[in-house]
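Student: Return a 3D structure for these sequence lines:
(one chain, ligands or ions: 1)
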Amino acid sequence: MGAVTFLKRMAGLDRQEAPGSGTFDHAKAQEYEWRNNAVVIRDHFPEVYSAVEADRAAGGLWYRAEHQFFEGDEALYADFVARVRDRKCLEVGSGPFGFLPPLSWIKNRIVIEPLADKYRAAQLEQLGKTFFTDDLKVYATNAEALLPELVATIDGAIICRNALDHCEDALTILHNLSRYAKAGCYFLLWTDIWHLDGHDDGHHNITKSPEILDALLSGLGFDVIKNIKPVRESGYLEYGCVALKR
Ligand SMILES: C[S@@+](CC[C@H](N)C(=O)[O-])C[C@H]1O[C@@H](n2cnc3c(N)ncnc32)[C@H](O)[C@@H]1O
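Tutor: Numbers count the residues shown, from 1 in each chain. Predicted coordinates for the structure are as follows:
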């Protein structure tokens with residue numbers, strides 16, 4: 001046996017893992033995602049769509065200062081609204097409703113969501129309406145693939161909410177997002193970073209350390225201006241922040 005083979009065997013590097021034995025399988029995760037979100041659309045889309053329309057008719061912006069990220073900070077929310085209204089904004093992993101798709105008052109919206117075409121088709125079939133309208137630029141791809149046309153173009157906001165732990169390579173996505181963001185661009189990030197009771201097919205763990213994410217974002221050129229409160233009380237470690245690109 002050669003020296004390299006021996007060393008590999010000693011380190012356990014020559015073992016073949018059985019498929020699905022604890023590794024994250026993104027194709028499987030996306031099947032899980034579609035199964036869950038088809039039910040979410042079936043059960044909630046008509047109600048959410050009418051609520052968004054009613055709010056718009058009453059002059060509302062749908063998202064408000066009391067909601068996640070802003071936590072009641074009216075000044076921060078007002079600054080965000082002023083920043084994003086006429087600038088280019090991007091959401092990654094929007095899911096069927098998302099943050100940007102219902103906010104039609106933002107002029108220039110882009111979504112990277114591999115299941116976007118399926119979400120659109122299901123909504124149109126159910127109600128004849130969809131949040132994935134033609135004025136929304138949609139990339140139905142994985143966010144790990146760099147989109148060169150987006151580099152240094154996003155000057156409004158990037159939103160990534162409850163999606164990073166559903167993707168295969170969270171760090172590559174964060175790197176790509178840092179390349180898309182221009183100086184002054186907001187970054188609203190919220191994700192589970194560890195599933196304390198174990199995770200299912202749709203999720204995976206990223207890190208147990210929120211501090212590492214703060215440091216990573218800083219290294220990628222984002223100033224974290226606030227960390228946000230966790231959504232759940234137990235079972236998960238979460239990370240959330242509002243940051244600004246330097
Ligand atoms: C839990 S859902 C999103 C929830 C939504 N952001 C919200 O806050 O309501 C996670 C989404 O991430 C998407 N996703 C999974 N892998 C992805 C990837 N590699 N790139 C971009 N989006 C991905 C899934 O298709 C799914 O729609």
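
Student: Quick check: bridge partners of the residue nearest the centre of the chain?
Tutor: Nearest to the geometric centre of the chain sits residue 160, at 2.9 Å (Cα atoms, centre = their mean). Beta-bridge pairing of residue 160 under DSSP bridges involves residue 189.

Student: gap between it and residue 43?
Tutor: 25 Å (Cβ to Cβ, to the nearest Å). Where you see a C-beta, it was placed from the backbone N, CA and C, and this is true even at glycine.

Student: again with residue 228
Tutor: Between residue 228 and residue 43 the computed distance is 27 Å (Cβ to Cβ).

Student: The two - which one has more neighbours?
Tutor: residue 228 (17 against 9; other Cβ atoms under 10 Å).

Student: Remind me which helix or strand the nearest residue to the more buried one once chain neighbours are set aside belongs to.
Tutor: Closest residue to residue 228 apart from its sequence neighbours, by Cβ to Cβ, 6 or more residues apart in numbering: residue 240 at 3.9 Å. Per DSSP states H and E, residue 240 falls inside strand 236-245.

Student: Ok, residue 42 next?
Tutor: helix 26-57.

Student: And for the residue nearest to residue 228, the neighbour number?
Tutor: That count, for residue 240 with other Cβ under 10 Å as the rule, works out to 23.

Student: Residue 50 now?
Tutor: So residue 50, with other Cβ under 10 Å, has 12 neighbours.

Student: Starting from residue 94, give me the distance back to it.
Tutor: Counting by Cβ to Cβ - residue 50 and residue 94 are separated by 19 Å.

Student: do the same with residue 183
Tutor: 25 Å.
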